[in-house]
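A.B. asks: Provided below are the primary sequence and the corresponding predicted coordinates.
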Number of protein chains: 4
Amino acid sequence: MNKTLILIQCKDEVGLVALISKVLADHKLNITAMREFVDEAVNHFFARIECSGSESEEGKLYNALNKGLPYGAEVIINPNPEKRIVVLVTKEYHCLADTLVRNSFNTLEAKVCCVAGNYEVLKPFTERFDIPFHYVSHENKSKHDFEKELLDIIATYKPDYIILSKFMRILSPEFVAQFPGKIINIHHSFLPAFIGASPYRQAFERGVKLIGATAHFVTSDLDDGPIIVQRIIPVNHTFGVSEMVKAGKEIEKAVLSRAMQLVFEDRVFITGNKTIIFE
Amino acid sequence: MNKTLILIQCKDEVGLVALISKVLADHKLNITAMREFVDEAVNHFFARIECSGSESEEGKLYNALNKGLPYGAEVIINPNPEKRIVVLVTKEYHCLADTLVRNSFNTLEAKVCCVAGNYEVLKPFTERFDIPFHYVSHENKSKHDFEKELLDIIATYKPDYIILSKFMRILSPEFVAQFPGKIINIHHSFLPAFIGASPYRQAFERGVKLIGATAHFVTSDLDDGPIIVQRIIPVNHTFGVSEMVKAGKEIEKAVLSRAMQLVFEDRVFITGNKTIIFE
Amino acid sequence: MNKTLILIQCKDEVGLVALISKVLADHKLNITAMREFVDEAVNHFFARIECSGSESEEGKLYNALNKGLPYGAEVIINPNPEKRIVVLVTKEYHCLADTLVRNSFNTLEAKVCCVAGNYEVLKPFTERFDIPFHYVSHENKSKHDFEKELLDIIATYKPDYIILSKFMRILSPEFVAQFPGKIINIHHSFLPAFIGASPYRQAFERGVKLIGATAHFVTSDLDDGPIIVQRIIPVNHTFGVSEMVKAGKEIEKAVLSRAMQLVFEDRVFITGNKTIIFE
Amino acid sequence: MNKTLILIQCKDEVGLVALISKVLADHKLNITAMREFVDEAVNHFFARIECSGSESEEGKLYNALNKGLPYGAEVIINPNPEKRIVVLVTKEYHCLADTLVRNSFNTLEAKVCCVAGNYEVLKPFTERFDIPFHYVSHENKSKHDFEKELLDIIATYKPDYIILSKFMRILSPEFVAQFPGKIINIHHSFLPAFIGASPYRQAFERGVKLIGATAHFVTSDLDDGPIIVQRIIPVNHTFGVSEMVKAGKEIEKAVLSRAMQLVFEDRVFITGNKTIIFE
């Protein structure tokens, strides 16, 4: 049976669920799963609705919803089910490999268009999967020039999302501003602990009993964007920095993978500096 | 502002959400949180709806919902927010203590009417909290007579739920049948592993690397009722049976406590031998 | 059979395990469990050894070990198995209740001497357990005078450890200096995230997907002492501050309880600003 | 600096640690990490000892240890640090891919000699990594003949371990008997729950709130060999069988990967039907 996925966000008002469900019923769509949330801090309504049945004319449904909903509502009907992504890397393979494997077996719910790296070490591995690898060194050039090269490559592929898969360069606010809510990073700590460089060394020095990883959207504030997924694993006094790094890789890839899945299934809304996730 | 809580279960049909939300809007109730689920195996619809605003005449709302919903629907409006419970115990204190402490500080979302035990060891502890303790020995009497005594005590208190808080007697199907979906047990394994007696000894013999606890509704099939909450903790080869028992107590009380909270907040529906939980 | 527990810390040298095990064998002690660790950053050796058999003359064993070990070694044979503790509280009951319940059933591996609070609200509850409660208000007096009153009470009981069981006053460096490595605090975040006041509010504002609790020894640097135990629980966008507080309480008490158990079983060594834990 | 790893198992006796540490000191080996355990049920002693310094003549050290230890002791000095493995698969890629990626980056602590499968679907993927793939169909032949073909291939590679990486054929006791303690399987449930076929369907039918995965050594009793690693993930009423399968894959690969790491680092001893793991 056909399915329709509808994403809505708008100013909150009394009766929105009744209004939306009436419009859907009028269009012969049966709600099979509906999740909604009001962010009371900003009085904003978010909903993700799965329906069985499909409207032959999506435009009519779109217009009916927009007509009823408060001014400024954003309605998306049947977003692209297979997102296009560009993956940026530096030297570490573990997150990239996980993504390429899933891509190769069509379980990523996205399509990897290319990989670009500021080092060349992951080129042979990437090419095993018949994915193009673009080497863009950051050396001997300004950040602006480095990013310009990256942007030119990215522009070629018109991706829906950019994945920073252990990409160890800080992107400029100008770069980030071109992809609002579209860049996902994996940070190797349970933010906001250990912001910045060498979080595992910081964790070791502090003597923590758990280390973590955080997948988040990138904003112009370093390590401060909306968090999508966080997980931790226990460590103890026998862990040196290198053991923490090694153990951390296992959750980094799991966390990034889960975050991508949630985003690519259109389960994640951004509200201010937070996420709403309809798992 | 007033709040209204509505629980609905009925045969599934197209348009139920639209129908329900229209009835609520007609009664000036604004949906603030709505969770619904269709158990497709039995084509049954379940919903838990929180509204702001309150219908002055609950009876009118009840009738309007029932009129619109499929034949046989069960609608509950504003269930009793403070459940009455009777706690059955044997000798172990850890789950009981957790319950009595919460009861004492009004964070149980229920009221402990009394504790009854087939041993007397927990009487002094219970009475520290000014809760009546009824000692009903199972010795030298038939199961029928033992249960009759318990039932007489329970009848006095008219509880909404009976909590088996490490109560180590198996209740007869006749007893259980009097409280369908109203008896909650804590079992000291991650069911269905280690059904029956001495699960920690079974776990030790098997050499498992994790042990668990399960809170479930009691049915006439031993350890086979609908599961509400399960959790585990890691163990290793240094754990003997007694270390497993000790470690297990920590999750037993957490699991039972969480299960009670979910049930007392009316977040749990039973469908066949499973639960639907709107957390 | 008799058991002997031996704790050793000293400068690391080649052959320490051989030396120690020879001394024990000479005294007819059989090692049943031995854990050792060298903190390479400071070249210091730590060991916890359980033996079967018992030396009739502990003094002889002590001397033999000290004679063989490097200068400055600290050797403890059969530390007091039931620590004496004083519990400081403010208004929250959950950690205190857990401690008092265990104390009441002799499963705390310590003895609660008294509870002292800067508010009186937990007095009736404490007294249910026949434990003395000392009310020491912090109002209208200097920190010095407040702490002087506390110190006088503490001095009466000669405790091995002081437990800050949601005690919401910051202790002065002078106070802390009197009990080095002897004060255990429960902090309601996964340190070092959210140091300072209102960590749950900070967590809410940041939009984290997990919240945590940390038990640590108290030093003169706020929230910066050696960490003993940390745990987290997942949260999501539906959690307001109060839901985080409520969920957090469940791990706070579990974390503090576990930390106390480890310390009271003499499994925890302090090295610099970290702990070594022989679980 | 050179390192020496020593594995010992023997009948337990008084003074073993003293004896062993004296022998090591005599050979100028300094113990940097030592873990030992006595399985009291069978009175057997197990130890894993890391030393700095290396004995030029391993044979002399071996003889000295054997001379001192009880009759029948098994001593292994510096086991092969890079195990050779053969991976058996059927159709599912997730565990295999994880293994091949690690192998490709030399972080497996083993070397994948070949992959053999009873279906051909994973051949192209395996060959991307330049690893030979042997297709051995089980169709239209007896189990004996099928296993004979596999055995011939395995014999070619002389592996230290055989990894059943979602290999969906039950091996005969005769096959298993040729590799005692050398076959590792990943089972898709938290054993002993849901032994046998379709554990996720069984889990779905039972309505559990957590699903798990178990890595274990294979014995002639189906799903009953010594458990190495177990982990679980939470599920809820919205999970159908296919969602459980999908979520389960994530822990299956993590569990198998962790089990392999522990075994390949020589941290796992087998005692009866259990494992001792010196993590």
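C.D. replies: Nice, I can see it. Numbering: from 1, shown residues only, chains lettered A, B, ... in the order given.

A.B. asks: Extract the CA atoms of stretch A:76-89 and return them as CSV.
C.D. replies: Output of stretch A:76-89 as CSV, limited to C-alpha atoms (Å, rounded to 0.1, in the frame of the first residue of the first chain):
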residue,chain,number,x,y,z
ILE,A,76,7.0,18.9,3.6
ILE,A,77,5.2,16.1,1.9
ASN,A,78,7.2,12.9,1.1
PRO,A,79,10.7,14.2,1.5
ASN,A,80,13.3,12.6,-0.7
PRO,A,81,13.7,9.1,0.9
GLU,A,82,17.3,8.7,-0.3
LYS,A,83,19.4,11.6,0.8
ARG,A,84,22.6,12.5,-1.1
ILE,A,85,25.6,13.0,1.1
VAL,A,86,29.2,14.1,0.8
VAL,A,87,31.5,12.8,3.5
LEU,A,88,34.5,14.8,4.7
VAL,A,89,37.4,12.9,6.3
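
A.B. asks: Now do the same contact list for the residue in the stretch 151-279 of chain A that chain B sits nearest to.
C.D. replies: Among all residues of the stretch 151-279 of chain A, residue A:234 sits closest to chain B, at 9.1 Å; criterion: C-beta to the nearest C-beta. (Glycine included, C-beta is placed from N, CA and C.) Applying C-beta atoms under 8 Å, 6 or more residues apart in numbering or on different chains to residue A:234 gives the contacts A:209-210.

A.B. asks: What segments of the stretch 101-250 of chain A are helices?
C.D. replies: Remark: helices assigned in the stretch 101-250 of chain A by DSSP state H, counting those that start in this stretch are A:123-128, A:143-157, A:173-177, A:199-206, A:241-264.

A.B. asks: The shortest one packs against which elements?
C.D. replies: Contacts defined by 3 or more C-beta pairs under 8 Å, 6 or more residues apart in numbering or on different chains; DSSP states H and E place helix A:173-177 against helix A:143-157.

A.B. asks: Pull out the buried positions in the helix it packs on.
C.D. replies: For helix A:143-157, a neighbour-count test (16 or more other C-beta atoms under 10 Å in any protein chain shown) marks A:146-147, A:149-150, A:153-154, A:157 as buried.

A.B. asks: With stretch A:179-188 instead?
C.D. replies: In stretch A:179-188, counting by 16+ other C-beta under 10 Å, buried: A:179, A:181-188.

A.B. asks: do stretch A:14-34 as well
C.D. replies: Buried-residue list, stretch A:14-34, by 16+ other C-beta under 10 Å: A:15-25, A:27, A:29-32, A:34.

A.B. asks: which ones are touching the spatially most central residue of chain A?
C.D. replies: Geometric centre of chain A, nearest residue: residue A:184, 4.3 Å, by C-alpha atoms, centre = their mean. Residues near residue A:184 by C-beta under 8 Å, 6+ apart: A:161-164, A:215-218, A:228, A:256, A:259-260, A:263.

A.B. asks: ok, now how distant is it from chain D?
C.D. replies: Separation of residue A:184 from chain D (C-beta to the nearest C-beta, to the nearest Å): 18 Å.

A.B. asks: do the same with residue A:4
C.D. replies: 19 Å.

A.B. asks: which ones are touching that residue?
C.D. replies: A:29, A:50-55, A:61, A:77-78.

A.B. asks: if we go to 7 Å?
C.D. replies: Contact partners of residue A:4, counting by C-beta atoms under 7 Å, 6 or more residues apart in numbering or on different chains, are A:29, A:51, A:53-55, A:77-78.

A.B. asks: and it, backbone torsions?
C.D. replies: Main-chain dihedrals, residue A:4, degrees, to the nearest 10: phi -130, psi 130.

A.B. asks: Beta-bridge partners for it, please?
C.D. replies: residue A:51 (DSSP bridges).

A.B. asks: hang on, the earlier thing: so of the buried residues of stretch A:14-34, which ones are in helices?
C.D. replies: A:16-25 (DSSP state H).

A.B. asks: pretty sure residue A:236 contacts residue C:276?
C.D. replies: No: applying C-beta atoms under 7 Å as the test, residue A:236 and residue C:276 come out as separate, 8.4 Å apart.

A.B. asks: So for those two, which residue has more residues nearby?
C.D. replies: residue C:276 (24 against 16; other C-beta atoms under 10 Å in any protein chain shown).

A.B. asks: which parts of chain A sit against chain C?
C.D. replies: A:37, A:190, A:192-193, A:206-210, A:226-227, A:229-230, A:232, A:236-238, A:273-277 (C-beta under 7 Å from any C-beta of the partner chain).

A.B. asks: residues of stretch A:123-142 that come out buried?
C.D. replies: A:125-126, A:128-129, A:131, A:133-134, A:136, A:138.

A.B. asks: Does the helix or strand harbouring residue A:67 reach chain B?
C.D. replies: With secondary structure defined by DSSP states H and E, residue A:67 is part of helix A:58-68. No: applying C-beta under 7 Å from any C-beta, one finds helix A:58-68 separated from chain B by no less than 12.5 Å.

A.B. asks: what do you get for stretch A:203-215?
C.D. replies: No: for stretch A:203-215 and chain B, the contact criterion (C-beta under 7 Å from any C-beta) is not met; the two come no nearer than 13.7 Å.

A.B. asks: Could you show which parts of the stretch 151-279 of chain A are in contact with chain B?
C.D. replies: Residues of the stretch 151-279 of chain A lying near chain B (C-beta under 7 Å from any C-beta): none found.

A.B. asks: okay, and for the stretch 151-279 of chain A, where does confidence drop off?
C.D. replies: Within the stretch 151-279 of chain A, no stretch has pLDDT under 70.

A.B. asks: Alongside chain D, which residues does it contribute?
C.D. replies: Counting by C-beta under 7 Å from any C-beta, the stretch 151-279 of chain A sits next to chain D at A:250, A:254.

A.B. asks: Next up, the contacts around residue A:9.
C.D. replies: Residue A:9 neighbours (C-beta under 7 Å, 6+ apart): A:44-46, A:74, A:269.

A.B. asks: which of the buried residues of stretch A:14-34 are close to chain B?
C.D. replies: A:15, A:17-18, A:21-22, A:24-25, A:30-32, A:34.

A.B. asks: who's in contact with stretch A:128-146?
C.D. replies: By C-beta under 7 Å, 6+ apart, stretch A:128-146 touches A:100, A:104, A:112, A:114-118, A:120, A:122-123, A:126-127, A:149-150, A:153, A:169, A:172, D:128-129.

A.B. asks: chain center to it, what's the gap?
C.D. replies: Computed by C-alpha atoms, centre = their mean, to the nearest Å, the chain-centroid distance of stretch A:128-146 equals 22 Å.
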